[in-house]
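Asks: model this:
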Amino acid sequence: MIKLILSDMDNTLVPFGASAASRRTVDAIHVCQEQGIDFGPASGRDRGELSSFFNKDASCYNTGVLVNGQKVYYLGEVVYEKTLPMDELRRAESIAARVEGCAFITYRDDNFGDWVGATREELGPMFERVFLCGGERHELGEMPDYPVVKAGMVVMGDNERAVELSRVLSDACPGLSFPNTVVNWLDASPKGWGKADGVAILQKILGLADEEVCVFGDADNDLDMLRRYPNSCAVANANEAAMRAGRWHVGASADDGVARAMEQIAAAARESCELGREVEPAFMRA
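Replies: As a prediction, this is how the structure comes out:
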């Protein structure tokens, strides 16, 4: 029986660019929690960014696997944190800052972003999407020195520019990976570390078997957890690799696909309790 649900945010739980999760999504989270099923985001975002998505309802994000597995929260407390290597970050910064229409960003604990490269005006709508708590632009070589857990970059224009920059940065910074998680955006993550590693830490804290964890995703930074867990689900708008990696397939983020699946998970848990035997969620029986 599923006892923990973890879902990617952008383009999975919510359509990219949406300012909040739908009412149906929040209600589905609460219905699962009423059945004793834990829920948490499994996102490239950090906790400070999630409050507005859930209208400050901390029960929806007190537990989660954030910053692509580099931060794990349980009941509102950080139980694991992995920082990025500063020498490789500076190398990536020097390359990205020279690319037209690109901004390289590092985030503080309070989620303010420091960046080099493109101006706020050049970034347009992307500015609000990636600097949710504000930010300050710096000249190359003048970025402040503090431990960095979360970093990434905006690459304006055709998304192929982001894909190409990811290749360049991966060659120059072998200790980091740069997945193109949404259009015009690259994460900066430790090579060989991902969401699945964070999920495993949370799973161990909760004492759960792999089969008791259900994960939802849509993009390259979800692949490791989609491949690792038997109850893995790709949304209908997922990229080709995520579609192949997901064992199950649910509706698109724009159609509340994850919310519908969570409703079915809660209904199956309720029915299992009533019947005294395990019942699979409806989408797993199709």
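
Asks: and residue 188, which of the three is it?
Replies: Put simply, residue 188 is strand when judged by DSSP: H, G, I helix; E, B strand; the rest coil.

Asks: how about it: what's its closest non-neighbour residue?
Replies: Counting by C-beta to C-beta, 6 or more residues apart in numbering, residue 151 is the residue found nearest to residue 188 once chain neighbours are left out, at 4.1 Å. Heads up, the C-betas are built off the backbone N, CA and C, glycines and all.

Asks: what ranges does the stretch 101-250 of the chain have for its helices?
Replies: With DSSP state H, counting those that start in this stretch as the definition, the stretch 101-250 of the chain shows helices at residue ranges 120-123, 126-130, 159-172, 195-206, 223-228, 240-245.

Asks: elements contacting the fifth one?
Replies: Secondary-structure packing of helix 223-228 (3 or more C-beta pairs under 8 Å, 6 or more residues apart in numbering; DSSP states H and E): helix 195-206, strand 213-217, strand 231-235, helix 240-245.

Asks: what sits up against it?
Replies: Under the criterion C-beta atoms under 8 Å, 6 or more residues apart in numbering, residues 6, 42, 194-197, 199-200, 210, 215, 217, 232-234, 241-242, 245-246 lie in contact with helix 223-228.

Asks: cool, and stretch 260-269?
Replies: With C-beta under 8 Å, 6+ apart, stretch 260-269 has contacts from 1-2, 5, 25, 28-29, 31-32, 34-37, 39, 214, 216, 233, 250-251, 279-283.

Asks: just stretch 79-88 next, same as before
Replies: 69-73, 145, 147-149, 151, 173-176, 188-190, 193, 198, 201-202, 205.

Asks: of the helices of the stretch 101-250 of the chain, flag the one that's most buried.
Replies: Of all these, helix 223-228 carries the top mean neighbour count, a mean of 22, counting by mean count of other C-beta atoms under 10 Å.

Asks: which pLDDT value goes with residue 161?
Replies: For residue 161, the model assigns a pLDDT of 97.

Asks: quick check: it touching residue 155?
Replies: Yes. Under the criterion of C-beta atoms under 8 Å, residue 161 makes contact with residue 155 at 5.2 Å.

Asks: what touches both of those two?
Replies: 99, 101.
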